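*Asks:* how does the following fold in three dimensions:
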Amino acid sequence: MGSAGTKKWMTGLLLVGLVGIVGYGAVKIVHIKHLSIKNTSLPIKYVRIEGVFQYLGKNEIKTVLQPLVTTSFFDVDMQAIYSAVSILPWVETVTVKRIWPDAIDIKVREKKPYARWGKSSLITDQGVIFTPGNMKQFQTLTVVIGPEHQEVKVLEIMKGIKTALADQSMELEEFSINDRWSWKIKLSNGLEILLGRNDQLKKLQRFLKTIAVLGQEQVKQIAKVDLRYPNGYAASWKPGTAEIDWKAIVNPNNTKQAPEKAIQSR
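*Replies:* Next up, the predicted model:
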């Protein structure tokens, strides 16, 4: 259902004893055996699950609900249902209501991944970290790494850097802040940028301004840029890169050069 590689569905009706998953266009009936009702006085006949799901599997919800709804309408533990559904990795919010005389209504909102947090978790654009069972389909997302309990701040910094790089047609692949708050960036073309602990954004903007002078072709030959210098930066070049005439680049008109070097090469 939906486009290839992306599963989208709306789950509808979950019956106790006879379970039906009802979408807005097709009905699929799934029989569940050996499911007994402990209390036949006003038993729960329907559990309606409402939501638009791209990653959350309907079977995940059914599995956690089945042992909780085999009771009467009045005896069902609503808090237990809420807790069981809300702790699923992909669930962002959930509401649970009794619908007289024989139904439970559950509305679920799914989390939307914004980036990877480390190698094994995801993070939403609000800074909520969660760990799904399968990370394979999220390998193209930007990797963000930061100190514990600082995910919201780290994410906001990353968003600003991502925008600044995009303005220069550069794509951020990884952004990390270590415990000493030293920043490091890796671009999709393999270029690593070391920003250090002080004036990181100012240093990054200074580097980005030199791109127009260097040219995109020259930038593609850089393996690593160290911006931790007060008045310039050091560039390490990819193997096989031809020697560059910095004087011609920095001072193409052969005018008197400023005492401050714009770029150092190593």
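*Asks:* the helix or strand residue 158 falls within packs against which elements?
*Replies:* Assigned by DSSP states H and E, residue 158 falls within helix 151-166. When contacts are defined as 3 or more CB pairs under 8 Å, 6 or more residues apart in numbering; DSSP states H and E, helix 151-166 sits against strand 115-117, strand 143-145, strand 172-177, strand 183-187, helix 200-214. Yep, even glycine has a C-beta here, placed from its N, CA and C like the rest.
*Asks:* what mean pLDDT does that helix have?
*Replies:* The average pLDDT within helix 151-166 is 95.
*Asks:* what comes up buried for it?
*Replies:* For helix 151-166, a neighbour-count test (16 or more other CB atoms under 10 Å) marks 151, 154-155, 157-159, 161-162, 165 as buried.
*Asks:* now for the residues you listed, which pair is the farthest apart?
*Replies:* Farthest-apart pair in these is 151 and 165; separation 20.5 Å (CB to CB).
*Asks:* ok so, going back, would you turn the helices and strands packed on helix 151-166 into TSV with distance to residue 71 and mean pLDDT?
*Replies:* Listed next are these as TSV, based on distance: least, CB to CB, whole Å; pLDDT from 0 to 100:
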stretch	distance to residue 71	mean pLDDT
strand 115-117	39	97
strand 143-145	44	97
strand 172-177	49	97
strand 183-187	53	97
helix 200-214	57	88
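*Asks:* okay if I get the ones you listed as CSV plus mean neighbour count and distance to residue 128?
*Replies:* Putting the helices and strands packed on helix 151-166 into CSV (neighbours: other CB atoms under 10 Å; distance: least, CB to CB, whole Å) gives the following:
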stretch, mean neighbour count, distance to residue 128
strand 115-117, 22, 10
strand 143-145, 20, 13
strand 172-177, 20, 18
strand 183-187, 19, 23
helix 200-214, 15, 25
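*Asks:* dump the ones you listed into CSV; add distance to residue 100 as well.
*Replies:* Formatted as CSV, the helices and strands packed on helix 151-166 follow (distance: least, CB to CB, whole Å):
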stretch, distance to residue 100
strand 115-117, 43
strand 143-145, 47
strand 172-177, 52
strand 183-187, 57
helix 200-214, 58
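*Asks:* domain assignment for this protein?
*Replies:* Per automatic domain parsing, the structural domains of the chain span 9-110, 115-265.
*Asks:* mean pLDDT lowest for which of those?
*Replies:* Among the domains of the chain, domain 9-110 scores lowest, with a mean of 75.
*Asks:* thinking again about what came up before, ok, which of the helices and strands packed on helix 151-166 comes nearest residue 194?
*Replies:* So among those, strand 183-187 is nearest, using CB to CB, at 5.7 Å.
*Asks:* run through who's touching the closest one.
*Replies:* If you take CB atoms under 8 Å, 6 or more residues apart in numbering as the criterion, strand 183-187 is touched by 157, 161, 165, 170-178, 192-197, 200, 204.
*Asks:* just stretch 107-120 next, same as before
*Replies:* 49-56, 61, 85, 89-95, 122-125, 128-131, 135, 138, 141-145, 151, 155, 158.
*Asks:* convert the C-alpha atoms of it to CSV, please.
*Replies:* The C-alpha coordinates for stretch 107-120 follow below in CSV (Å, rounded to 0.1, in the frame of the first residue of the first chain):
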residue,chain,number,x,y,z
LYS,A,107,-5.5,8.0,18.7
VAL,A,108,-1.8,7.8,17.9
ARG,A,109,0.6,10.3,16.4
GLU,A,110,3.8,8.9,15.0
LYS,A,111,7.3,10.4,15.5
LYS,A,112,9.0,12.0,12.5
PRO,A,113,12.8,11.5,12.3
TYR,A,114,14.8,14.6,11.6
ALA,A,115,18.4,13.2,11.9
ARG,A,116,20.4,10.4,13.4
TRP,A,117,21.6,10.7,16.9
GLY,A,118,24.9,8.9,17.0
LYS,A,119,24.9,5.6,15.1
SER,A,120,22.0,3.8,16.6
